[in-house]
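**Student:** generate a structure from the sequence data that follows.
(chains A and B)
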Protein chains: 2
Amino acid sequence: MIAHRVLFLVLDGISDRPCEALDGLTPLAAARTPVLDRIAGEGVCGIMDSIAPGIRPGSDTSHLALLGYPPQEYYTGRGPLEAEGTGIHMTAGMIGFRCNFATVDADGLVTDRRAGRISGTGPLSEAIRDGVDLSPLGVGFRLESGAGHRAALALVGEGLGDKVSSNDPKKEGVRPLTIRPCTDDPADRATADACNEFIRQSARVLFDHPMNVRRMEEGLPPANLLLIRGAGKMGAFPQFSERYGLSGSVISAATLISGIGKVVGLEHIPVPGTTGSVDSDLDAKVKTAIRELDKKEFVLMNIKGADEAGHDGKGVQKRDFIEVIDAALEPLLDLPDTLIVVCADHSTPCSIKDHSADPVPVVIRGPGVRTDRTARFDEISCAEGGLHRIRGCDLMPIALDLINKSHKYGA
Amino acid sequence: MIAHRVLFLVLDGISDRPCEALDGLTPLAAARTPVLDRIAGEGVCGIMDSIAPGIRPGSDTSHLALLGYPPQEYYTGRGPLEAEGTGIHMTAGMIGFRCNFATVDADGLVTDRRAGRISGTGPLSEAIRDGVDLSPLGVGFRLESGAGHRAALALVGEGLGDKVSSNDPKKEGVRPLTIRPCTDDPADRATADACNEFIRQSARVLFDHPMNVRRMEEGLPPANLLLIRGAGKMGAFPQFSERYGLSGSVISAATLISGIGKVVGLEHIPVPGTTGSVDSDLDAKVKTAIRELDKKEFVLMNIKGADEAGHDGKGVQKRDFIEVIDAALEPLLDLPDTLIVVCADHSTPCSIKDHSADPVPVVIRGPGVRTDRTARFDEISCAEGGLHRIRGCDLMPIALDLINKSHKYGA
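**Tutor:** Residues are numbered from 1 along each chain as shown, chains lettered A, B, ... in the order given. Take a look at the predicted model:
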């Protein structure tokens, strides 16, 4: 009666507050969710503060906490995690950034921070890799295109700091900013200098790149500037397999989440047809998770769409997508020998269109788990469950114990 | 669906243990409290350890925790907080004390530690301010009379320590003690010397003060000695408005609580007719809170009487005063756009006539709050609520999140 493998199913931002559009219910409480309810009925439920009560979590800090890496100790900014997710192998000391391909006009004003939501920017990144040279500054770089207008940049070199500002003016119709060091540390000055030089040279490469020439001919905004932000120094992460003695994979269409998985040593398993949005192919995702659990002892699967609906403030759409998720999860019910943990990483209330610190529902179901009387997976019902109120960092130790992989403290 | 202002209603010491006089109910469970019950029914309930489980809180340490200033980090003794509440503006480094006006007889023995519960001691303090000179010791001082026999003293000067004993013998019929440094630190020696000199000189001023001459003619014990205790160095408190981005006020008849409010930067709003006892004008207090919430984003209101009944061990009186409080709170029910937090600062069980570490009931009610199934405000019912068991220091972060003023940790 002991499971030998663990599935963490993170329903991103699924947790909410009472919605006016749903007669005061949360989307999760309003949704018909027979599969999640059956998991709740067969498991032990509770509520969870991803970080701590009242602390509003980012998706990055919360996922680190869920994986048992306290963000207070391990979080060094979103840039290096996005960079890893985008395909740049980050090692300790590298400085990572998130980037947007953007449009500036002839006067140097930012006219579109997302270059008309351009996609397929691989050739632009390739041209920048070939045409930009930071070696006179003693700095190397990696650049990779991500989904849509997104990309990631990493700087490599001795003595680089991560306390620098962004060139993103955060609005349109103004000039991009100069990146500045936020401290007097020469390391931050060195990073700021490298960033500004990178932006200058890459703009020259982008200016007359054939892809941009073609876009202008078609009346589309050219991707002729990189906006870079989220600077962070890559930290040293004890690897998941050594920390817990478990092999593991991450399944997520969001580069941030796959990046977090990769930095802690989980294998990223891409799933064709998944988008991180409400049009994602969830059946494929669930099938991949089930297949992966035949090979690995731990799988983190993140399903993102409900979070998006929360950010858009669309309670009805969120409820409906929750029902879609629920239906897609049905094959998990028959998964033998598996500890299933279902939770959110944070609440994303439609009423505030952003993350909040409201605790999230959590259920743990599998062989050996003490079942409580809760048989409904929503914020209110789970608060009455047998887990009470735990923290994100409690989840891995609890799961390890339930699969008999925890170590005795004392004798 | 988001409140923009917060009322913290601290029902001082209202929490209790089963009382024999109330057939095993707590005073709060025995009381008829339709207003508090409605707030509980419309909100989310829980229990709270002001400091931590099993830690018996003072009113000072608990209020610091409730305001989000961990006492482990910010508490430096009761003296400086009482001094601020009594009207002395304390700045970092000043040494504060609580004082009693007391009576010694011709043999130098303390015959009444409260000088016959004298009141109206303003002229005595004024005479001491005029007649005592510590400048040969390089020390300045402030002295202010408080309610009844109480006063507060602050020493100002370079190199003063706060590790000194008291001259209060804590019983009558014995001589007052000499104040001694508790360490070998010259700073503590300097403070002890200044205290002893202050006590010597002030006794000379009080000896033949007209007010004391008159009291003796009337057969009343003269206030001819100051007993001083609770030495503490004033700490540096990050100001509430900067810490949380909220303007705020404190409404309390207890100088300790108003002092705590003032040191963190809340404006103290005095309310005529309030006494900090069971005869207080609670209607005026509630009206003042409601008016204040039109001007400020945060109000801390402390209602003290139930604590007093607990200290006196009077369960029935405590129950009855709780019903008086409940009736006075009714105008709060219709307050729009407001997050209301009701709790105690600590338990004051009638059975022990002192504070205890039993967790206190807490309810949070306002727009956007996830309502649980608890509809009764007492120690046992709230333990079944959706907040579960939180700590005093969690309260401000949770409230800030619910009014959308918390900052995301991560991205």
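
**Student:** how near is the nearest residue to A:P181 once chain neighbours are set aside to A:G96?
**Tutor:** Leaving aside its sequence neighbours, A:P181 sits nearest to A:D188 (C-beta to C-beta, 6 or more residues apart in numbering or on different chains; 3.6 Å). Any C-beta I mention is one placed from the backbone N, CA and C, and that applies to glycine too. Between A:D188 and A:G96 the computed distance is 15 Å (C-beta to C-beta, to the nearest Å).

**Student:** who has more neighbours out of the two?
**Tutor:** Counted by other C-beta atoms under 10 Å in any protein chain shown, A:D188 and A:G96 do not tie: A:G96 has more neighbours, with 29 against 21.

**Student:** the more buried one sits in which helix or strand?
**Tutor:** Applying DSSP states H and E as the criterion places A:G96 in strand A:95-104.

**Student:** what parts of the stretch 201-350 of chain A come near chain B?
**Tutor:** For the stretch 201-350 of chain A, the contact set with chain B under C-beta under 8 Å from any C-beta of the partner chain comprises A:230, A:256, A:349.

**Student:** mind listing which of the residues you listed are in strands?
**Tutor:** With strands taken from DSSP state E, the overlap with these comprises A:G230.

**Student:** which one of the residues of the stretch 201-350 of chain A next to chain B has the most neighbours?
**Tutor:** Top of these by neighbour count (other C-beta under 10 Å): A:P349, with 28 neighbours.

**Student:** might you enumerate the residues of the stretch 51-200 of chain A proximal to chain B?
**Tutor:** Counting by C-beta under 8 Å from any C-beta, the stretch 51-200 of chain A sits next to chain B at A:51-62, A:71, A:75, A:78.

**Student:** and those residues, which of them are buried?
**Tutor:** Buried members of those, scored by 16 or more other C-beta atoms under 10 Å in any protein chain shown, are A:51-62, A:71, A:75, A:78.

**Student:** OK, contacts around A:E292?
**Tutor:** Going by C-beta atoms under 8 Å, 6 or more residues apart in numbering or on different chains, A:E292 touches A:249, A:251, A:269, A:299.

**Student:** and the furthest pair within those residues?
**Tutor:** For those, the farthest-apart pair by C-beta to C-beta is A:I269 and A:V299; their separation is 8.3 Å.

**Student:** list residues touching both of the two?
**Tutor:** With C-beta under 8 Å, 6+ apart as the test, A:I269 and A:V299 both reach A:249-251, A:292.

**Student:** thinking again about what came up before, please say which of A:I269 and A:V299 ends up with more neighbours.
**Tutor:** In this view A:I269 and A:V299 are compared by other C-beta under 10 Å, and A:V299 has more residues nearby, 27 against 20.

**Student:** did I read that right, that one in a strand?
**Tutor:** Yes. Per DSSP: H, G, I helix; E, B strand; the rest coil, A:V299 lies within a strand segment.

**Student:** any idea how many residues pack against A:L25?
**Tutor:** 18.

**Student:** tell me what the very next helix or strand once past the strand holding A:G96 is packed against?
**Tutor:** Once the chain leaves strand A:95-104, the next helix or strand it forms, by DSSP H and E, is strand A:110-112. The contact analysis (3 or more C-beta pairs under 8 Å, 6 or more residues apart in numbering or on different chains; DSSP states H and E) places strand A:110-112 against strand A:95-104.

**Student:** name the nearest residue to A:V316, sequence neighbours excluded.
**Tutor:** A:A21 (5.5 Å).

**Student:** for that neighbour, what are phi and psi?
**Tutor:** Torsion angles at A:A21 (phi, psi; degrees, to the nearest 10) stand at phi -70, psi -10.

**Student:** OK, contacts around it?
**Tutor:** A:315-316, A:350.

**Student:** from the residues you listed, which land in helices?
**Tutor:** Residues from these lying in helices, with DSSP state H as the criterion: A:315-316.

**Student:** and the contacts of A:A21, which of them are buried?
**Tutor:** For the contacts of A:A21, buried by 16+ other C-beta under 10 Å: A:315, A:350.

**Student:** TSV for the contacts of A:A21, including distance to B:V264?
**Tutor:** Below are those laid out as TSV (distance: C-beta to C-beta, whole Å):
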residue	distance to B:V264
A:G315	38
A:V316	43
A:C350	34
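
**Student:** can you classify the residue nearest to A:P181 by secondary structure?
**Tutor:** Under three-state DSSP, A:D188 comes out as helix.

**Student:** hmm, it is touching A:K163, no?
**Tutor:** Yes. At 4.6 Å, A:D188 counts as touching A:K163 under the criterion of C-beta atoms under 8 Å.

**Student:** now do the shared contacts for those two.
**Tutor:** Contacts common to A:D188 and A:K163, judged by C-beta under 8 Å, 6+ apart, are A:181-182.

**Student:** related to what we said a few turns ago, so which of the residues of the stretch 51-200 of chain A next to chain B are in helices?
**Tutor:** A:59-62, A:71, A:78.

**Student:** and the least confident of those?
**Tutor:** pLDDT across those is at its lowest for A:R78, which sits at 93.

**Student:** quick one, what contacts that residue?
**Tutor:** Taking C-beta under 8 Å, 6+ apart as the test, what A:R78 contacts is A:58, A:60, A:98, A:230, A:232, A:256, B:410-411.

**Student:** just those residues now: which is nearest B:A3?
**Tutor:** A:G58 (23.8 Å).

**Student:** and that closest one, what does it touch?
**Tutor:** A:78, A:346, A:355, B:408-411.

**Student:** follow-up on the earlier one: for the residues of the stretch 201-350 of chain A next to chain B, give me CSV that also has distance to A:V110.
**Tutor:** Converted to CSV, those look like this (distance: C-beta to C-beta, whole Å):
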residue, distance to A:V110
A:G230, 18
A:L256, 24
A:P349, 31
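
**Student:** I'd like the distance between the residue nearest to A:R229 when sequence neighbours are not counted and chain B.
**Tutor:** Among residues not flanking A:R229 along the chain, A:S166 sits closest, at 3.7 Å (C-beta to C-beta, 6+ apart). According to C-beta to the nearest C-beta, to the nearest Å, A:S166 and chain B sit 13 Å apart.

**Student:** give me the neighbour count for A:S166.
**Tutor:** A:S166: 18 neighbours (other C-beta under 10 Å).

**Student:** please apply the same query to the one 3 residues further on.
**Tutor:** Residues lying near A:P169 (other C-beta under 10 Å) number 16.

**Student:** and the gap between it and A:C195?
**Tutor:** 15 Å.

**Student:** what helix or strand does the residue lying closest to A:G392 once chain neighbours are set aside sit in?
**Tutor:** Leaving out its chain neighbours, the residue that sits closest to A:G392 by C-beta to C-beta, 6+ apart is A:A65, at 3.3 Å. A:A65 belongs to helix A:59-66 when assigned by DSSP H and E.

**Student:** and the contacts of that helix?
**Tutor:** So helix A:59-66 is in contact with A:8, A:10, A:12, A:50-51, A:57, A:70-71, A:74-75, A:78, A:81, A:254, A:256-257, A:260, A:300, A:302, A:307, A:343, A:345-346, A:355, A:391-393, A:395-396, B:409-411, going by C-beta under 8 Å, 6+ apart.

**Student:** now stretch A:273-290
**Tutor:** Contacts for stretch A:273-290 (C-beta under 8 Å, 6+ apart): A:7, A:9, A:147, A:251-254, A:269, A:271-272, A:299, A:301, A:303-305, A:308-309, A:317, A:321, A:324-325, A:328-329, A:331-332, A:335.

**Student:** could you flag which of those are buried?
**Tutor:** For those, buried by 16+ other C-beta under 10 Å: A:7, A:9, A:251-254, A:269, A:271, A:299, A:301, A:303-305, A:308-309, A:317, A:321, A:324-325, A:328-329, A:332, A:335.

**Student:** tell me which of those residues fall in helices.
**Tutor:** A:305, A:308-309, A:317, A:321, A:324-325, A:328.

**Student:** tabulate these in TSV, adding columns for pLDDT.
**Tutor:** Converted to TSV, those look like this (pLDDT from 0 to 100):
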residue	pLDDT
A:G305	90
A:E308	92
A:A309	94
A:Q317	97
A:F321	97
A:V324	97
A:I325	97
A:A328	97
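
**Student:** just those now: which is nearest chain B?
**Tutor:** A:E308 (15.4 Å; C-beta to the nearest C-beta).
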